[in-house]
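Enquirer: sequence unavailable; structure follows:
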């Protein structure tokens with residue numbers, strides 16, 4: 001009688017490159033030299049708030065980051081300020097920019113659903129999320145701007 005040869009099953013994770021977010025798309029620590037207006041410095045001194053905290057809080061609120069505990073009202077006001085200053089216009093319409101913010105808000109909500117996930121599901125979630133972040137950036141970047149050269153992200 002001929003003995004059956006055991007077949008070895010090898011699983012390949014074709015999405016392994018998304019296990020960690022590509023450094024190009026991740027948050028960056030940056031040193032920035034700013035000319036802080038004297039009135040802002042004095043106001044911050046009176047109110048006992050560091051200028052760095054004020055600017056840092058605004059950045060994290062505006063980005064809908066999960067690292068910040070801003071209230072929905074605070075985020076909405078930050079977004080209104082950004083839109084009122086017409087940042088990004090005329091490259092994108094106000095409606096398109098609002099949609100970008102809505103998509104960031106939705107991504108933040110999805111991140112809140114990971115509580116209680118087991119390890120394997122968590123790995124799958126982050127891979128999916130990292131793939132989406134890259135897709136999201138490329139889609140918006142290429143919509144009304146440069147075609148294909150996303151390396152400009154390294155400068156920002």
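Expert: Now that the structure is in, tell me what you want to look at. Note that this is a predicted model, so its numbers are computed, not measured.
Enquirer: please make it C-alpha for all contacts and neighbour counts, starting now.
Expert: OK.
Enquirer: for the chain, what helix or strand is lowest in average pLDDT?
Expert: Here the helix or strand of the chain ranked lowest by mean pLDDT, DSSP states H and E is helix 119-144, holding a mean of 84.
Enquirer: and residue 149, how close does it get to residue 138?
Expert: Here the criterion is CA to CA, to the nearest Å. By it, residue 149 lies 9 Å from residue 138.
Enquirer: more crowded one of the two?
Expert: Between residue 149 and residue 138, counting by other CA atoms under 10 Å, residue 138 is the more crowded of the two (15 against 11).
Enquirer: ok, the more buried one - contacts?
Expert: residue 150 (CA atoms under 8 Å, 6 or more residues apart in numbering).
Enquirer: from residue 71, how far off is it?
Expert: Separation of residue 138 from residue 71 (CA to CA): 29 Å.
Enquirer: which residues of this structure fall in helices?
Expert: With helices called from DSSP state H, the chain shows them at 38-47, 51-62, 72-84, 94-111, 119-144.
Enquirer: to residue 26, which of those lies closest?
Expert: Checking the helices of the chain against residue 26 by CA to CA gives helix 119-144 as the closest, at 9.6 Å.
Enquirer: report the inter-axis angle for that closest one versus helix 94-111.
Expert: Counting by axes from the mean of the first three to the mean of the last three CA atoms, to 10 degrees, helix 119-144 lies at 170 degrees to helix 94-111.
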